[in-house]
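# attaching a predicted model along with its sequence, questions to come.
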2 protein chains.
Amino acid sequence: MKRNVLIIGAGGVAQVVAHKCAQNNDVLGDIHIASRTLSKCEAILESVREKAAMKQQGVLKAHQVDAMDSGAVAALIRETGAQIVINVGSAFVNMTVLDACIDTGAAYIDTAIHEDPTKICETPPWYGNYEWKKRDLCAEKGVTAILGAGFDPGVVNAFARFAIDMMDEVKSIDIVDINAGSHGKYFATNFDPEINFREFTGVVYYWEDQQWKEKKMFETGHDWDLPVVGTQRAYQSGHDEVHSLATNYPQADVRFWMGFGEHYINVFTVLQNLGLLSEQPVKTAEGQEVVPLKVVKAVLPDPSSLAPNYEGKTCIGDLVKGTKDGEDFEVFVYNVADHKEAYNEVGSQGISYTAGVPPVAAAMLIASGDWDAGTMKNVEELDPKPFFTILDKIGLPTRMQIGGLGGEDKPWNG
Amino acid sequence: MKRNVLIIGAGGVAQVVAHKCAQNNDVLGDIHIASRTLSKCEAILESVREKAAMKQQGVLKAHQVDAMDSGAVAALIRETGAQIVINVGSAFVNMTVLDACIDTGAAYIDTAIHEDPTKICETPPWYGNYEWKKRDLCAEKGVTAILGAGFDPGVVNAFARFAIDMMDEVKSIDIVDINAGSHGKYFATNFDPEINFREFTGVVYYWEDQQWKEKKMFETGHDWDLPVVGTQRAYQSGHDEVHSLATNYPQADVRFWMGFGEHYINVFTVLQNLGLLSEQPVKTAEGQEVVPLKVVKAVLPDPSSLAPNYEGKTCIGDLVKGTKDGEDFEVFVYNVADHKEAYNEVGSQGISYTAGVPPVAAAMLIASGDWDAGTMKNVEELDPKPFFTILDKIGLPTRMQIGGLGGEDKPWNG
């Protein structure tokens, strides 16, 4: 029975994680949050106190740490007595935080794949470049590490596993991520622009016919007729979960689809064609070395600033096709979240909410022992039912349409 | 009879100026070129030598100078014995170079208004903020200073004066600048992007009903049916020459129209709305202070790199309306230039060519005494006929359509 959580990071997702940990501190114990900037951690804790989110009296504390320094993170784990680390810091710190967990025996949870700041879109499967290289060491030391336990990757991996468990054979998994909300700004990204754009500047890797295939971003679009949000255009994109699902279910085609409006695509296209999304430095006429993407990030709205005026809903789900009892079988497993409700509850917009709630559910499952695997796991390698049960209770209920999109609509356990 | 030219600047326009000075060194004498970066000056002189542009044997020399340092420029004027300075450096150095001319007695020519790097679009008339404050001093010291002697401002001011001289009364001056050429790149500016964008991020000042009025950029578009380039859409924009023409001809409405394609407007709109055209520094997440516009400049193609593949023509002219002998009278005075011809002659594209040839014509008129006014002048305050005569000979012939656009088409002196 592990207890006491250390949250790494102090962005929009970390805010949701902190609120949700506080709401469940009877299960999770002490709550610590640490990032490079102490004041950001303190602002998050202030918001937790304002909402009186703590379920019961307990420890709630902010720390300063350089998460790129594995030794410093390990020292903080020891100092705080945290047995569960939820890493929602920059995608560049996964490996140093994971190393600190391996060193100290704490359980590790993250929500996105590790990235090298100087590289875009490495060889598939992406997890093989960094995280999975530590799998044997985790097993050897009995360290629980749950990779990609946000919404996508994360809940969508559990959706896939759940659907596949209903079938005899799986043939394809299409993950569709639609944000039908509106923030009212000319343009903004819902996550750190640096990470958000990096997702779309590289090759679109997908898995079909038991092999990796490649497309360009925005090359293939499809109109999806979805529950609640209606018909929405989404484009085949690269995404973390394709890389683990394709490895675990090589017999299935695995694709990811992200919804984009024409305006987003236009802005993205202009910025990319001009070279302003590059992670490689350029030199100004005055001789200053600057990474264009970091300047774009600096001029865009802070994603957390979008929350107060964000309206509308998200719909993220998996359309999984296969066979059952010798017949074709299809199911769409999904969640719908609401930006305004998220803001009212935890002060964040719906995108941060969908990303931040699942790792807390995962932490609760480690605390209860259900998911305390003693080794490294991607989410589809764990039992999805206790995960859905907690998510139902803490804000992200799972529903499904049997027979595929437009089919009989009911709760996952209905 | 002034002789010996010092060119300040080493960009695309400076290259044209150097070639044209070389082609007319029998009139102009020694040719010196100076900028912050000596190697850029040397590259220009190399190109002059490659084209064997020097009309007769003579001095052709490169120098390093910080044009923001008035004393250094004055010292260079004395060292070189230059009696005519053609300033085609950055728009930020006008006043220091002008001061150096006043100090040494050399004649001064520029092609664009002075700008303060930290200010966009100051109070009209723009010349009143900087240059005209030195007018009395120029007169007192007998220093010739010809302001805005490029194409626009410059030749278009002479077009206006020429048309007005044909009339009893002038009612309106509409200056139309169309670049119907294509450089084949996704996006590029024809001038230094920093200066180019600064032209369009501020208020559009224009003169109507004997007062300054304001519009936003791209607020008012009009399709102009022009000689050679056909029907082209242009948008009312702010431009230097409006500010002197409105002062000299307050009875006339004075407007400037710049041609833009939809693609240019889209890219510009995205960059401006995101804040990437700002001249004010922003701070990156890492704490680096950066001026977004300077980063945009760094990622865009160097305007001089466009020349080899530039094709098509420019058409720049003035539609001037008024009365003559008691009847309405209209004339369109214009020039058509060709990108490829410009490149073949001087290694630059047509936009640099149209901007760089006129100040050399002005220098030749100072050398001959015709325009050696011994005080500060905007181009419309000088006799346009000797200017057109030289321009006809050195690459930018003036034509007109009597009766307005589509009227009888002939040379200005035809």
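Arrived safely.
# okay, whichever residue of the stretch 51-200 of chain A sits closest to chain B: pLDDT?
Closest residue of the stretch 51-200 of chain A to chain B, C-beta to the nearest C-beta: A:Y186 (4.6 Å). Glycine gets a C-beta too; all of them are placed from N, C-alpha and C. What the model reports as pLDDT for A:Y186 is 94.
# that one is in contact with B:L271, isn't it?
No. Applying C-beta atoms under 8 Å, one finds A:Y186 not in contact with B:L271, separated by 11.6 Å.
# so those two - more neighbours on which side?
Neighbour totals were compared for A:Y186 and B:L271, and B:L271 leads with 25 against 15 (other C-beta atoms under 10 Å in any protein chain shown).
# residues in contact with the more buried one?
A:270, A:274, B:197, B:277, B:296 (C-beta atoms under 8 Å, 6 or more residues apart in numbering or on different chains).
# dead centre of chain A: give me the residue that sits there.
For chain A, the residue nearest the mean C-alpha position is A:G150 (3.2 Å; C-alpha atoms, centre = their mean).
# does anything pack onto the strand or helix carrying A:A74? Which helices or strands?
Secondary structure from DSSP states H and E places A:A74 in helix A:70-80. Here helix A:70-80 touches strand A:5-8, strand A:31-35, strand A:60-64, helix A:94-104, going by 3 or more C-beta pairs under 8 Å, 6 or more residues apart in numbering or on different chains; DSSP states H and E.
# up against chain B, what does the stretch 201-350 of chain A have?
A:266-267, A:270-271, A:273-276, A:278, A:282-286, A:288, A:290-292, A:294-300 (C-beta under 8 Å from any C-beta of the partner chain).
# so, low pLDDT: which residues of chain A?
Applying pLDDT under 70 to chain A flags no residue at all.
# next secondary structure after the top helix by length along it?
Selection of the longest helix in chain A by residue count, based on DSSP state H, yields helix A:350-368. Sequence order places strand A:376-378 as the next helix or strand after helix A:350-368, per DSSP H and E.
# please point out which parts of that next one sit buried.
A:376-378 (16 or more other C-beta atoms under 10 Å in any protein chain shown).
# next, the angle from the next helix or strand along the chain from that strand to helix A:350-368.
Toward the C-terminus, strand A:376-378 is succeeded by helix A:384-394 as the next helix or strand (DSSP H and E). For helix A:384-394 against helix A:350-368, the angle by axes from the mean of the first three to the mean of the last three C-alpha atoms, to 10 degrees is 120 degrees.
# partner strands of the helix or strand just after helix A:384-394, with direction?
Reading on from helix A:384-394 to the C-terminus, the next helix or strand found by DSSP H and E is strand A:399-402. Strand A:399-402 has the following strand partners under DSSP bridges: strand A:327-338 (antiparallel), strand A:408-411 (antiparallel).
# JSON lines for the ones you listed, including distance to B:E214 and mean neighbour count?
Listed next are those as JSON lines, based on distance: least, C-beta to C-beta, whole Å; neighbours: other C-beta atoms under 10 Å in any protein chain shown:
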{"stretch": "strand A:327-338", "distance to B:E214": "43", "mean neighbour count": "21"}
{"stretch": "strand A:408-411", "distance to B:E214": "56", "mean neighbour count": "12"}
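# quick one: which of the ones you listed is nearest B:D136?
Nearest to B:D136 among those is strand A:327-338 (68.8 Å), distances taken as C-beta to C-beta.
# hey, which of the helices and strands packed on helix A:70-80 is tucked in deepest?
strand A:5-8 (a mean of 30; mean count of other C-beta atoms under 10 Å in any protein chain shown).
# what pairs with that strand, parallel or antiparallel?
Strand A:5-8 has the following strand partners under DSSP bridges: strand A:31-35 (parallel), strand A:84-87 (parallel).
# gap between A:A62 and A:K40?
Going from A:A62 to A:K40 by C-beta to C-beta, to the nearest Å gives 9 Å.
# tell me where chain A has helices.
A:12-23, A:25-28, A:38-50, A:70-80, A:94-104, A:135-141, A:155-165, A:193-201, A:240-248, A:262-274, A:292-299, A:339-346, A:350-368, A:384-394.
# so can I have TSV of the ones you listed showing distance to A:Q232?
Formatted as TSV, these follow (distance: least, C-beta to C-beta, whole Å):
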stretch	distance to A:Q232
helix A:12-23	23
helix A:25-28	36
helix A:38-50	31
helix A:70-80	40
helix A:94-104	31
helix A:135-141	37
helix A:155-165	16
helix A:193-201	17
helix A:240-248	19
helix A:262-274	12
helix A:292-299	26
helix A:339-346	15
helix A:350-368	15
helix A:384-394	23
